[in-house]
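**Student:** sharing a model that was predicted from the sequence below.
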Amino acid sequence: MLASCVAMYRSPLCVDRRTSTLDDGGIADIIETSIYIAMVIAIGMVGTFDVANFGDLLFPLIARHELERRLGPVEIRPYSYNARSPASWPFAVSPLDRLAAEVGTLDLLLVGGGDTIRFDPLVALRYRPGSPDIHHPTGFWLAPIFLAHTANVPVAWNAPGVPSEIPPWAHALVRVSVAVSAYVSVRDQASHDRLTRVAHGARVEVVPDSGFNASMLVPDPPVSSDYLVVQSRPQYSRWLPRVRELLQDDRSHFVLAPVGPVTGDLVRPPAKLPPRTTFEYPKNPNEMLALIAGSNGVVGPSLHLTIAALSFGRQALRPTSSPLSKYRMLDGLKGVQEFDLHSAATSDNLPPEPSQLSDIQKKLARHWDAIAALADASAARGPRRKWEPMMMDLWQSLPLRFERRSPIAKLHTKLQIAKTMIERYRNGASLG
């Protein structure tokens with residue numbers, strides 16, 4: 001034979017024996033490695049994975065863990081507005097403008113999680129796309145769905161949230177995005193209701209936030225110690241006396257740590273820390289998870305700080321915050337308690353209930369089973385449909401055109417901005 005070839009659905013691999021300097025053993029090694037690479041299932045994820053926020057950074061890590069358990073080798077490729085390097089970030093993040101050139105190499109596109117399906121521009125502090133041609137904030141989820149469908153890549157929703165009502169100008173686009181997605185799930189009932197009011201008759205699953213499986217990223221969690229992890233919000237010092245009252249405990253140590261720097265958490269130690277309080281800045285989500293796992297509980301308004309604590313069987317004390325619908329997923333869960341700075345301090349001091357967490361994890365197992373089945377079937381199906389990368393420009397332009405043609409769109413956007421600012425102020429987040 002003049003050449004040794006292996007047929008692979010993305011592209012054939014051939015080694016020309018006439019020009020190769022490798023012996024048969026070397027050629028066999030190359031082919032074996034290439035077959036392994038070809039067998040790796042490639043999964044793109046779109047969302048806000050480029051922001052310094054614990055919850056957003058958890059999603060790709062959990063997705064890789066869950067899908068590797070079911071599929072073997074997988075490659076998770078997060079896409080967001082901004083590129084991030086693994087030298088300075090927990091994982092590599094590709095800029096969204098690369099998705100158009102790479103979507104044909106994917107076996108599946110995952111959307112979310114987090115509050116991804118949104119229309120207000122205040123996603124995070126100073127968070128905007130690099131190009132004015134990208135609609136914000138639909139640019140990091142809506143156009144990628146259409147692009148993947150164009151390239152015959154199945155789309156699955158990783159239980160994102162829909163934090164507010166869908167504006168009328170976006171109804172038709174959202175209906176189509178749901179229709180072309182192979183699997184649609186959201187993380188709470190309010191998100192389901194907002195979506196199905198627009199996508200009439202669509203099958204939309206309500207699935208717990210994938211962060212409830214965060215403990216799986218720490219295979220050997222440490223035994224809990226006598227400290228609590230406290231989110232380093234600027235008003236943290238007002239919480240600590242009330243927490244001691246609630247727990248009737250003057251001896252516990254507090255570890256102050258930033259959970260969401262992008263939301264205004266302190267990233268440097270205060271000039272003067274309260275007694276029995278230290279400051280730590282975990283470098284990545286795994287370090288934060290280890291800190292939570294070794295604690296006796298957590299204090300702070302972050303949803304994923306609470307969820308991660310529950311996944312380890314730790315209690316979560318939450319200062320009363322604004323009634324965002326995403327927090328309703330915590331209703332009825334033992335181990336979660338809100339406290340008010342201006343009311344008498346009382347505590348049920350109930351630990352998390354293992355049976356509740358078990359029920360949540362069973363639902364998440366079905367969720368990841370469905371996503372894995374889609375990815376597996378897609379990988380086996382073979383070549384993608386031919387497509388034009390320039391189609392991304394078309395998909396990105398559609399929301400801009402629809403919004404500009406709507407006479408009430410600008411008013412709706414301003415109202416959403418005002419509402420978001422009020423909610424963040426109530427939660428103590430700096431708007432920068």
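**Tutor:** Right, received. Where do you want to start? Residues are numbered from 1 along each chain as shown.

**Student:** now for residue 392: which residues touch it?
**Tutor:** Counting by CB atoms under 8 Å, 6 or more residues apart in numbering, residue 392 touches 97, 99, 100, 143, 147. C-beta here means a position set from N, CA and C on the backbone, and glycine is covered the same way.

**Student:** these in helices, which ones?
**Tutor:** The helices in this structure, assigned by DSSP state H, contain 99, 100, 143, 147 from the contacts of residue 392.

**Student:** quick check, the second one in contact with residue 146.
**Tutor:** No: because the distance of 11.2 Å does not satisfy CB atoms under 8 Å, residue 100 is recorded as not touching residue 146.

**Student:** ok, back up a step: by neighbours, which of the ones in helices among the contacts of residue 392 wins?
**Tutor:** When neighbours are taken as other CB atoms under 10 Å, the top entry among these is residue 143 (27 neighbours).

**Student:** domain-wise, how is this structure divided?
**Tutor:** Using automatic domain parsing, the domain parsing of the chain gives 3-37, 40-432.

**Student:** re earlier: a markdown table for the contacts of residue 392, including distance to residue 56?
**Tutor:** Shown next, in a markdown table, are those (distance: CB to CB, whole Å):
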| residue | distance to residue 56 |
| --- | --- |
| 97 | 20 |
| 99 | 18 |
| 100 | 23 |
| 143 | 19 |
| 147 | 21 |
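
**Student:** ok, of those, which one's closest to residue 301?
**Tutor:** Residue 301 has its nearest neighbour among the contacts of residue 392 in residue 143, at 31.7 Å by CB to CB.

**Student:** contacts only, for the closest one.
**Tutor:** For residue 143, the contact set (CB under 8 Å, 6+ apart) comprises 134, 135, 392, 395, 396, 398, 399.

**Student:** which stretches of this protein form helices?
**Tutor:** Ranges of helices in the chain, per DSSP H, are 24-39, 54-71, 99-102, 142-150, 171-179, 189-198, 236-247, 285-293, 303-311, 354-381, 391-405, 409-426.

**Student:** one step back: okay, the domains of the chain in CSV with mean pLDDT next?
**Tutor:** Formatted as CSV, the domains of the chain follow (pLDDT from 0 to 100):
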stretch, mean pLDDT
domain 3-37, 51
domain 40-432, 89
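
**Student:** any idea which of the ones you listed is most buried?
**Tutor:** Among those, domain 40-432 has the highest mean neighbour count (mean count of other CB atoms under 10 Å), at a mean of 18.

**Student:** ok now that one, how far from the chain's centre?
**Tutor:** Mean-position distance between domain 40-432 and its chain equals 4 Å (CA atoms, centre = their mean, to the nearest Å).

**Student:** how about the helices of the chain in a markdown table, adding distance to residue 333?
**Tutor:** Formatted as a markdown table, those follow (distance: least, CB to CB, whole Å):
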| stretch | distance to residue 333 |
| --- | --- |
| helix 24-39 | 40 |
| helix 54-71 | 17 |
| helix 99-102 | 36 |
| helix 142-150 | 31 |
| helix 171-179 | 29 |
| helix 189-198 | 15 |
| helix 236-247 | 17 |
| helix 285-293 | 16 |
| helix 303-311 | 7 |
| helix 354-381 | 6 |
| helix 391-405 | 36 |
| helix 409-426 | 22 |
